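1. how would this look folded up:
(chains A, B and C)
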Amino acid sequence: MLGGIVGPLVLVAAAVLVPAAIARVVRPLLRAVVLLALPIGISVVVINLLFFPAGQQVLFRIGPVTATAEGLVFALEVVARLVAISGAISLFYLTTTAGDLTIDLERRGVAPRLAFVASASVQTVPAMVDRAAAITAAQRARGLDTEGGIGARLRGIVPIVGPVILGALGEVEKRTMALEARGFSRPGRRTLLWHPADSSAQRVARWLMVLAIPAFIAARAAGWLA
Amino acid sequence: MTDIRVEGLVHVYDGGVSALDGVDLSVAAGERVALIGQNGSGKTTLVRHFDGLLRPTSGRVLVGGVDAAGRTVAQLAREVGLVFQDPDRQIFASTVRGEVEFGPQNLGLRGAALRSAVANALTATGLEKAAETNPYDLGTSRRKLLALASVLAMRTPVLVLDEPTTGQDMRGMAIVEEVVAAVSAAGRTVVAISHDMRFVAERFDRVVVMRQGRIVLDGSPAEVFARDQWETLRSTFVEPPLAAVLGDRLGVGPTPTDAALVSAMKSRG
Amino acid sequence: MLTVQGFSYRHAGATRPSLMDLDFVLGDGEVVGVVGANDSGKTTLCLVLAGLAPRIVGGTLTGRFSIDGADAQALRMHELPALVGIGFDDPATQLSGVAATVFEEVAFGPANMGVPRDELIARTAGALESLAISHLAERDPARLSGGQQQLVAIASILALRPRHVVLDEPTAQLDPSGTALVGDALERLAGQGVSILVVEHKTDLLARVANRVVALDGGRVVLEGPARDVLGDAALVDLGVAPPSEVRLRRAFVAAGLDPARLEAARA
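-> Alright, predicted model coming up:
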């Protein structure tokens, strides 16, 4: 019964925590996983614990609702998978720099523009955050109360979000011009400044991971990991 | 009337960057002070303490004799109006009038008092005919004047301007200078950060020079731009106004402004 | 050499043309300053010369624009960066957004153009050095001050080694030391034979680096000539352009009945 919970968690430990430890990002990884999986995880547990339709084995009752063991197990299975997925995604973002990603994509033949979009979107976020901070400061200096109650904060939405969006949109043309002026749309390959560091160990690990997918699917189909 | 006093102000940003390294400054009510120095010397960090946008890591900031620590930014904004350098990081209303109304409305002005504050601010910045225009249909220099108007309308006892003349053409520059003169004549305090030495020498009574988070010079334009301070000024990459340099070479110094040089040459004969 | 003849340009959706019947030449190795009130067409002129208008910004144009004798309109966008580089006044929007370090940022342009790796690295290092920002090479461009970002943006243009460079208010957000650095870089560039067009409010800077100055008003050229003459022209004030400090002082002397020659003597 617990196979569905242990499986994903073992996977997380092996495939996510070990590389995270090597890359020394375990604490940020755990934080990211909690942030990503916790909100959904809590609601999944509550709903399934109390309202699982096929529940038979009763754990306790609260008024009209019944908590069942089957519900709990199901919920924990879902949460375990959530943890595995969010762990993998977080590990990727924590260990990949935008530059490495672009260069590697281009090296493998992805069009520079696509690679650019993948990376540039990551860097837009800090720029927008800075912009929002500058705008908030300017509006506060004109008396906008951001330290007050909920009403005050709601009134602050338009004066802050408005210029952030307008500014971001207005910048699009400027940014496009600057990029075009630097040869961005030239057909053909760009020169790559460096190659991301790779090693045969990492290559082997990647192949193992890729081969593991059909292996796990086959194992599951054969009934070994139910 | 409101004075500003800063005592032993230290500010260290998150990440350990020290921006202010123990600043002591007293600005009396009604003074016109120019704050100059290289980018990164701490000028913007300093003025952001005046309205509470930044809080001291150590030291005190007293606005109108009262410690700023106990007051919110919204409260301090009644006394200290800060005009930022980039109007596009502020403008959100669909009309010039709407933009100028924002500040005074936050301070609780309504009805006739609000209309009057807005009208005066628009007239002072030459925007009265553009009241119903969309701010983004104005050119960049008029948008800067709009940002100025939006703070002027708050009628704060202290007005702080961050680089008011950057990117302005002559007309915009003249309006900024008139505003500084008018605000000061009404007894209000003006503090301006600027790189324009002519503007500084001609329009301000007092010049404060900063370098690496400290004040290195503080005096009248004639004192600060006098020959014996040039070495200090140049160490902060500030070049004295041409009138001061020529006045020294002609032996009639200190003459920080064109007018001072002309008058000194005339009296020498 | 950039040549513009009988050129008119109207932005998409604008009621009036931004440039009207303009004749303009940027000769090899010269530094031309462009002055005028805001909205006199200076920025539009820069966009046209860099090929961004109408290609990227849209709009209608009439007239001829040629680069080194060839019709510029026949060129494709990606053929232009090696011919005409352009810099704007807002440094943040000029950053590519994908470079983790200043070095990568400056290398972005030539990398796009397929410059071979060794030359790419040499050009990038050279561009950083000519603006005295080699010490910023490993820094994150997004975390620099506005002034530093502007120097990075200019270095990024230099790394493309265009024969013509157009700069729209490059020192607008710089402090005096940054302005001086840009002035030094412009002088160095001009010495290497690059043609430079620089739009500026700071007429003191133009007095220092420009050979010729052109004044625009309402999209037309209204004054043109050697820098000294145009910057000393009384009509500049009516055009909303602040004259250089030396010109201002000279006028103050003359108005007060003092001999301006004494000023010249003191400046020597």
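
2. check contacts around the residue of the stretch 151-268 of chain C found nearest chain B.
-> Per CB to the nearest CB, residue C:177 is where the stretch 151-268 of chain C lies closest to chain B, at 3.5 Å. Every residue, glycine included, has its C-beta placed from N, CA and C. Residue C:177 sits next to B:38, B:237 when contact means CB atoms under 8 Å, 6 or more residues apart in numbering or on different chains.

3. for it, pull up the helix or strand it's in.
-> Using DSSP states H and E, residue C:177 sits within helix C:176-191.

4. per-residue confidence at residue A:226?
-> Per-residue confidence (pLDDT) for residue A:226: 54.

5. let me fix that, I meant to ask about residue A:79.
-> Residue A:79 carries a pLDDT value of 88.

6. quick one: the helix or strand it falls within near chain C?
-> Here residue A:79 sits within helix A:69-95, counting by DSSP H and E. No: with CB under 8 Å from any CB of the partner chain as the criterion, chain C is not reached by helix A:69-95; the gap is at least 14.3 Å.

7. buried stuff in that helix?
-> Applying a neighbour-count criterion of 16 or more other CB atoms under 10 Å in any protein chain shown, one finds A:70-87, A:90-91, A:94 buried in helix A:69-95.

8. same question for stretch A:6-14.
-> Quick answer for stretch A:6-14 (16+ other CB under 10 Å): A:7, A:8, A:9, A:11, A:12.

9. give the next helix or strand downstream of the helix holding residue A:79.
-> Sequence-wise, the next helix or strand downstream of helix A:69-95 (DSSP H and E) is helix A:98-107.

10. got a list of contacts for that next one?
-> The contact list for helix A:98-107, computed with CB under 8 Å, 6+ apart, reads A:112, A:114-116, A:118-120, A:122-123, A:189-190, A:192-196, C:98-100, C:104.

11. ok, stretch C:3-10 next?
-> With CB under 8 Å, 6+ apart, stretch C:3-10 has contacts from C:16-26, C:44, C:48-49, C:53-54, C:59-67, C:219.

12. what does stretch C:61-79 give?
-> Residues contacting stretch C:61-79 (CB under 8 Å, 6+ apart): A:180, A:183-187, C:1-10, C:21-22, C:48-49, C:51, C:53-56, C:80, C:83-84, C:113, C:163-164.

13. residue ranges with poor pLDDT in chain B?
-> Low-confidence segments of chain B (pLDDT under 70): B:269.

14. please enumerate the strands of it.
-> Counting by DSSP state E, chain B has strands at residues B:4-12, B:18-27, B:32-36, B:58-63, B:66-67, B:80-83, B:158-162, B:189-193, B:206-211, B:214-219.

15. just these: most buried one?
-> With neighbours taken as mean count of other CB atoms under 10 Å in any protein chain shown, those reach their highest mean count in strand B:80-83, at a mean of 27.

16. among the contacts of helix A:98-107, which are located in helices?
-> A:112, A:114, A:115, A:116, A:118, A:119, A:120, A:122, A:123, C:104 (DSSP state H).

17. residue C:54: how many residues sit nearby?
-> 17 (other CB atoms under 10 Å in any protein chain shown).

18. how about the residues of the stretch 151-269 of chain B by chain A?
-> Residues of the stretch 151-269 of chain B found near chain A (CB under 8 Å from any CB) are B:151, B:154.

19. for chain C, what are the nearby residues on the stretch 151-269 of chain B?
-> So the stretch 151-269 of chain B meets chain C at B:166-173, B:195, B:198, B:237-239, B:241-243, B:246, B:249-250, B:258-259, B:261-262, B:265-266 (CB under 8 Å from any CB).

20. quick check on those: which are buried?
-> Here, 16+ other CB under 10 Å leaves B:166-170, B:172-173, B:195, B:198, B:237-239, B:241-243, B:246, B:250, B:258, B:261-262, B:265 buried among these.

21. in chain A, which residue sits nearest chain B?
-> Closest point on chain A to chain B, by CB to the nearest CB, is residue A:143, at 3.0 Å.

22. tell me the contacts of that residue?
-> B:74, B:77, B:78, B:103, B:106, B:107, B:154.

23. isn't there a helix covering it?
-> No: per DSSP: H, G, I helix; E, B strand; the rest coil, residue A:143 lies outside any helix segment and is coil.

24. what pLDDT does residue 219 get?
-> Answering for chain A, as no chain was given. Confidence score, pLDDT, at residue A:219: 83.

25. chain C, not that one
-> For residue C:219, the model assigns a pLDDT of 91.

26. again with residue C:207
-> Note for residue C:207: predicted pLDDT of 94.

27. for it, what are its contacts?
-> C:227, C:228, C:231, C:244, C:246.

28. among the residues you listed, which one has the most neighbours?
-> Greatest neighbour count in the contacts of residue C:207, by other CB under 10 Å, goes to residue C:231: 24 neighbours.

29. how about residue 93: what's its closest non-neighbour residue?
-> Because you didn't say which chain, this covers chain A. Leaving aside its chain neighbours, residue A:93 sits nearest to residue A:32 (7.8 Å; criterion: CB to CB, 6 or more residues apart in numbering or on different chains).

30. hmm, I had chain C in mind actually
-> In space, not counting the residues next to it along the chain, residue C:93 is nearest to residue A:174; the distance is 4.1 Å by CB to CB, 6+ apart.

31. so is that neighbour in a helix, a strand, or just coil?
-> Secondary structure, three-state DSSP: residue A:174 is helix.

32. and for residue C:8?
-> Here residue C:8 is strand, with the state taken from three-state DSSP.
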